[in-house]
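Engineer: Provide a 3D model corresponding to the input given below.
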Amino acid sequence: MARYTGPKTRISRIFGEPILGNGKYLTKNSFPPGQHGPSKRRKAPGEYALQLKEKQKAKYTYGLLERQFRKTFEEASRIGGVTGENLIKLLEARLDNTVFRLGIAPSRPAARQLVAHKHVTVNGEVVNIPSFRLKAGDSISLKDKSRGNTSVTSAIRGKNPKFSWLDWNEAELTGTFIALPERESVPENIKEQLIVELYSK
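Structural biologist: Sure thing, here's the model as predicted:
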């Protein structure tokens, strides 16, 4: 199960946003990484560079490598409607992302680990595939045995109320995937149209 395991602050500095981690070092060291530091004059990026950077940002944000990301894009392009918006919707419907959005895990990598270690159930059945695609009405919860594990439950912080496409029952530690989100409801700063233009070349 491949994933990025390198330095997170470096990735955040490349994009100038805390897409991995909390970004607490960005205020002190926000310029892009490189041996010449902030003093070297950098060329203005071209059209292709901007498109590629946006794709890389989406991949790092949602924790996908190239093959899986491209397959998701191809699926989004087959669905009727705006391809870029469909891409974001499909990424948001991933199980690991939803576990993170529900506040069961503090980050997407932590959510991926919870799912892979069989702590999470969907409609009462254990699912250990982080990329599992949720459908409207699916119920997400912790396995009964995992509810007694303090290392798992201590990280639960509950759902942010702005994620209107999800419902969270704190008493039962159960969430519901209500529907695919509208693009304007997703807070990630991703210009998905640039990704569409890149793959359309």
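
Engineer: middle-most residue in the chain, spatially?
Structural biologist: Central residue of the chain (C-alpha atoms, centre = their mean): Y62, 2.9 Å from the mean position.

Engineer: could you pull up the mean pLDDT of the helix or strand in which K145 is found?
Structural biologist: According to DSSP states H and E, K145 maps onto helix 144-147. Confidence over helix 144-147, taken as the mean pLDDT, stands at 91.

Engineer: likewise for stretch 60-76?
Structural biologist: Mean predicted lDDT for stretch 60-76 stands at 94.

Engineer: quick one: it to chain centroid distance?
Structural biologist: 11 Å (C-alpha atoms, centre = their mean, to the nearest Å).

Engineer: list the buried ones in that stretch?
Structural biologist: 60-64, 69, 72-73, 76 (16 or more other C-beta atoms under 10 Å). Any C-beta I mention is one placed from the backbone N, CA and C, and that applies to glycine too.

Engineer: what residues of the lowest-mean-pLDDT helix or strand in the chain count as buried?
Structural biologist: Ranked by mean pLDDT, DSSP states H and E, the weakest helix or strand in the chain is helix 8-15, scoring a mean of 74. Buried residues in helix 8-15, counting neighbours by 16+ other C-beta under 10 Å, are found at 8-9, 11-15.

Engineer: re earlier: what's the pLDDT at the spatially closest residue to the residue nearest to the centre of the chain that is not a sequence neighbour?
Structural biologist: Of all residues not flanking Y62 in the chain, L91 sits nearest, at 4.8 Å (C-beta to C-beta, 6 or more residues apart in numbering). pLDDT for L91: 97.

Engineer: quick check: N86 touching F73?
Structural biologist: No - checked against C-beta atoms under 8 Å, the pair N86 and F73 is beyond contact range at 9.0 Å.

Engineer: for P45, helix, strand, or coil?
Structural biologist: coil (DSSP: H, G, I helix; E, B strand; the rest coil).

Engineer: need the per-residue pLDDT for H36.
Structural biologist: Per-residue confidence (pLDDT) for H36: 57.

Engineer: hang on, A58 in a helix?
Structural biologist: Yes - per three-state DSSP, A58 lies within a helix segment.

Engineer: domain map for the chain?
Structural biologist: According to automatic domain parsing, the chain comprises the domains 8-90+188-199, 94-179.

Engineer: where among those is the average confidence lowest?
Structural biologist: Among the domains of the chain, domain 8-90+188-199 carries the lowest mean pLDDT (a mean of 83).

Engineer: who touches stretch 122-140?
Structural biologist: For stretch 122-140, the surrounding residues in contact (C-beta atoms under 8 Å, 6 or more residues apart in numbering) are 1, 63, 68, 90, 93-96, 98-99, 102, 104, 111-112, 115-118, 120-121, 141, 143, 174-180.

Engineer: in TSV, list the buried residues of helix 8-15 along with distance to E170.
Structural biologist: Formatted as TSV, the buried residues of helix 8-15 follow (distance: C-beta to C-beta, whole Å):
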residue	distance to E170
K8	29
T9	33
I11	33
S12	31
R13	36
I14	37
F15	33
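
Engineer: great, nothing more from me.
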